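Enquirer: Pasting the sequence and the predicted coordinates here, then a few questions.
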Amino acid sequence: VTVYGSFTANTNTPYTVEHYFEDLNGNYVRNDSKTQVLSGESGKETVAMPLSSSDLVGFTHDAGIDGTVKSGTIEGDGSLVLKLYYKRTEHTVSYQYTGTVPGGASALPATLTSKYGEEVPVAGPATATGYTFSGWSATSLTVSDGKFLMPARDIILSGHFSANQNVYKVEHYLMDTTGHYPASASHTITYDDVKTGDSVTANTDAAHVGFTYDSSAANVTSGTVLPDGTLILKLYYKRNQFDVKYEYVGTVPDGASTLPAGTKAYYQENVAIASPATAPGYTFSGWTINTGDTTIEGGFMEMPNKAV
């Protein structure tokens, strides 16, 4: 008598799938919490499936890493171990300016690449003379002590400039009594109620007694406040010029000398008075001025701000 028997492969034979994740030093470490104990039919080929994307934030499956055992035959004793490897994702860190970028602003920091979870130092603050920088920041990113942990996405750090309080000057040039403008300003006014980059215009109606704004001169009436506060506007004022005339009052005797020729003189100019008039048989009173704002002394008068 022959006794026969046969084997049927178990369908619940266990096998193991291990998952290895790259650390920040480039080594691959098994994550025991992700290890899967699965089952299948003894003697059958099986293929390990990578973890779902929800389990792989910051990592991606790489079938080309040495040590990968993606498939194998399920051993009856449950000894089959499959191994899958996951490398850390890499992302860029870049910088950008927002708003108006002033001239002379420092160059943007270079773009770099970092691995997920890596500690990334934030670049130092940007600079621009006459401006204050906001600092670098990004949406939904926590920066502590100038560093952040690289998330599983590209990062763009942004910053902007704010104009500082600043100054500018307006130089006033007053024509001298010879009709010439001085090389240096007669006086200068500093204005500090502005910010870098502001457009400013000088007030050409500034009051200077005896002077009138000279629109034909080399004026600099407007400009932009410079980062270093060196903007200088220049206004030129010509000195008023008036007629000086002579006239007799009362009865003029025959033979009286001809009236002196009239002339023009600048405000505050020291004007020489003509010699006394003459007439045979008469005594001349001398030349006098009745304007009330200047007198004759030593044969000269200081020209008032009107005709005499």
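Expert: Done, it's in.

Enquirer: Pull out the buried residues from stretch 254-267.
Expert: 265-267 (16 or more other Cβ atoms under 10 Å). (Glycine included, C-beta is placed from N, CA and C.)

Enquirer: Please write out the alpha-carbon positions of it in CSV.
Expert: Taking C-alpha atoms only, stretch 254-267 is exported to CSV below (Å, rounded to 0.1, in the frame of the first residue of the first chain):
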residue,chain,number,x,y,z
ASP,A,254,20.3,182.3,-14.2
GLY,A,255,23.8,180.9,-14.7
ALA,A,256,23.2,178.0,-12.3
SER,A,257,25.4,175.0,-13.1
THR,A,258,23.8,172.2,-15.0
LEU,A,259,22.2,169.5,-12.9
PRO,A,260,24.5,166.5,-12.4
ALA,A,261,23.8,163.5,-14.7
GLY,A,262,21.6,160.9,-13.2
THR,A,263,23.0,157.4,-12.5
LYS,A,264,21.9,154.0,-11.3
ALA,A,265,23.0,152.4,-8.1
TYR,A,266,22.5,149.0,-6.4
TYR,A,267,20.8,148.7,-3.0
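
Enquirer: ok, and what's touching it?
Expert: Residues outside stretch 254-267 that contact it (Cβ atoms under 8 Å, 6 or more residues apart in numbering) are 175, 177-179, 210-211, 239-248, 271, 274-275, 277-280, 282, 303-305.

Enquirer: ok so, going back, closest to Ala183 out of the buried residues of stretch 254-267?
Expert: Nearest to Ala183 among the buried residues of stretch 254-267 is Tyr266, at 18.5 Å by Cβ to Cβ.

Enquirer: Is the closest one bridged to anything, and to what?
Expert: Note on Tyr266: beta-bridge partners by DSSP bridges are Gln241.

Enquirer: ok, so what distance separates it from Met303?
Expert: As judged by Cβ to Cβ, to the nearest Å, Tyr266 and Met303 stand 6 Å apart.

Enquirer: Where does the prediction get shaky in the protein?
Expert: Within the chain, not a single segment meets pLDDT under 70.

Enquirer: where do the strands sit along the stretch 51-200 of the chain?
Expert: For the stretch 51-200 of the chain, strands defined by DSSP state E, counting those that start in this stretch occupy the ranges 59-61, 71-73, 81-88, 90-97, 112-115, 119-121, 131-133, 147-149, 155-159, 161-163, 165-174, 187-195, 199-201.

Enquirer: Indicate which one of these is closest to Pro14.
Expert: Using Cβ to Cβ, the nearest of those to Pro14 is strand 81-88, at 10.6 Å.

Enquirer: Next, the buried residues of that closest one.
Expert: Neighbour-count burial for strand 81-88 flags 82-88 (criterion: 16+ other Cβ under 10 Å).

Enquirer: for stretch 293-308, same thing?
Expert: Applying 16+ other Cβ under 10 Å to stretch 293-308 flags 294, 301-304, 308 as buried.

Enquirer: biggest separation within the residues you listed, which pair?
Expert: Glu302 and Val308 (10.5 Å).

Enquirer: what is in contact with those two at once?
Expert: Thr294.

Enquirer: Without its sequence neighbours, what residue ends up closest to the residue nearest the centre of the chain?
Expert: The residue lying closest to the centre of the chain (Cα atoms, centre = their mean) is Pro102, at 3.4 Å. Leaving out its chain neighbours, the residue that sits closest to Pro102 by Cβ to Cβ, 6 or more residues apart in numbering is Ala128, at 4.5 Å.
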